[in-house]
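S.K.: Fold the stuff below for me.
(one chain, ligands or ions: 2)
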Amino acid sequence: MLSLNQIAVDHGALRALWEVSLEVRTGECVGLLGANGAGKSTTMGAIIGLYPLAAGNMTYAGITHTGRSTSENVAAGIALVPEGRRLFTQMSVRDNLVMGAYTPSARQAVEQSLEKIYALFPILKDKQQQFAGELSGGQQQMVAIGRALMSQPKLLLLDEPFIGVAPLLVDEIIVALRTIGQQGVTMLLVEQNIHRALSFVQRAYVIENGRTVLDGEAAQLLAHPEFSKKFLGLE
Ligand SMILES: Nc1ncnc2c1ncn2[C@@H]1O[C@H](COP(=O)(O)OP(=O)(O)OP(=O)(O)O)[C@@H](O)[C@H]1O
Ligand SMILES: [Mg+2]
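M.R.: Ligands and ions are numbered 1, 2, ... in the order given. Okay, here's the model as predicted:
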């Protein structure tokens, strides 16, 4: 469904990604792991079209290109749940969700999409008229995921969706993400908690200093000595 082929991305004079390659197949849930500053969010931003490619290319749905606009990507079925949620805190939960439905086809399906999201996260239905900023961290994350779903994505990019979320709500969000996966949405997940990530995804890639350095099945990675040493602190 998606492949990144040796992509490079610059933030001004700084090269953030040197050579990132990865593949996400239809129906999969794939993890993207790495330390702070490794380039995980930049990779997500490049996929959705926030940052142009300085080198390399990507293939999505059979079309290879060297960068498309965010709106083209969203229209093609990609949605990003950004790091830090980025909600409009002074707008209602419902209005935040509706903001996610900005392609013509998504606009036509607003009511059905809202119902689907409220079925996944019933608390959002109860709180739909409240300001998003009044919700707990976990509930705000549900809004951010819901907003991304409003564009009816085929590929959902999740950038650290469990940061600032209470453990009970983490479990609830994981259950919802599994349902979303069962409904046919392919996922790429950035997550700092390696154990949590590898219990959810089927495969994962590790990036280090803007380069893909390791990849494998979740179980394989957990058994990999270098991986354990680097990411689980098991020297
Ligand atoms: N908008 C930006 N302008 C300049 N430099 C940036 C920008 N965003 C990221 N960087 C730099 O690019 C590199 C990769 O950052 P990125 O945010 O992609 O890492 P990350 O793996 O998502 O980290 P974290 O785990 O902290 O979220 C870092 O050196 C970071 O300081
Ligand atoms: Mg990040």
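
S.K.: Confirm that residue 4 sits in a strand.
M.R.: Yes: using DSSP: H, G, I helix; E, B strand; the rest coil, the assignment for residue 4 is a strand.

S.K.: Count the neighbours of it for me.
M.R.: Residues near residue 4, counting by other Cβ atoms under 10 Å, number 23. For glycine as for every other residue, the C-beta is placed from the backbone atoms N, C-alpha and C.

S.K.: Wait, it touches residue 30, no?
M.R.: No: between residue 4 and residue 30 there is no contact under Cβ atoms under 8 Å: 11.3 Å.

S.K.: where does the closest residue to ligand 2 within the chain land in three-state SS?
M.R.: Going by Cβ to the ion, ligand 2 is nearest to residue 41 of the chain, at 3.1 Å. Secondary structure for residue 41, judged by three-state DSSP, is helix.

S.K.: Give me the phi and psi for the spatially closest residue to it that is not a sequence neighbour.
M.R.: Among residues not flanking residue 41 along the chain, residue 83 sits closest, at 5.1 Å (Cβ to Cβ, 6 or more residues apart in numbering). In terms of degrees, to the nearest 10, the main-chain angles of residue 83 are phi -60, psi 130.

S.K.: check contacts around residue 83.
M.R.: Applying Cβ atoms under 8 Å, 6 or more residues apart in numbering to residue 83 gives the contacts 41, 44, 159, 160, 163, 190.

S.K.: just the buried members of those?
M.R.: Listed as buried from the contacts of residue 83 are 41, 44, 159, 160, 190; burial here means 16 or more other Cβ atoms under 10 Å.

S.K.: show me where the protein has helices.
M.R.: Shown for the chain, the helices assigned by DSSP state H span residues 40-48, 70-75, 93-99, 104-108, 110-120, 122-126, 137-149, 167-182, 194-200, 218-223, 225-232.

S.K.: can you tell if the first one touches ligand 1?
M.R.: Yes: part of helix 40-48 sits close enough to ligand 1 to count as contact by Cβ under 6 Å from any ligand atom, namely 40, 41, 42.

S.K.: Quickly name whichever of these is closest to residue 206.
M.R.: residue 40 (9.9 Å; Cβ to Cβ).

S.K.: for the spatially most central residue of the chain, which residues make a bridge with it?
M.R.: Centroid-nearest residue in the chain, with Cα atoms, centre = their mean: residue 158, separated by 1.6 Å. On the basis of DSSP bridges, residue 158 is bridged to residue 81, residue 189.

S.K.: what residues are up against it?
M.R.: By Cβ under 8 Å, 6+ apart, the neighbours of residue 158 are 81, 145, 177, 187, 188, 189, 190, 191.

S.K.: count of residues packed around residue 52?
M.R.: 11.

S.K.: now residue 173
M.R.: A total of 21 residues lie near residue 173 under the criterion other Cβ under 10 Å.

S.K.: Quickly note the distance from it to ligand 1.
M.R.: Distance of residue 173 to ligand 1, given as Cβ to the nearest ligand atom, to the nearest Å: 18 Å.

S.K.: got any ranges where the chain has weak pLDDT?
M.R.: Along the chain, the parts satisfying pLDDT under 70 run over 232-235.

S.K.: Can you tell me which residues in it are near ligand 2?
M.R.: Within reach of ligand 2 by Cβ under 5 Å from the ion, the chain has these residues: 40, 41, 83.

S.K.: circling back to that earlier point, between residue 4 and residue 30, which contacts overlap?
M.R.: residue 22.

S.K.: Going by neighbour count, list what's buried in stretch 61-70.
M.R.: 67, 68.
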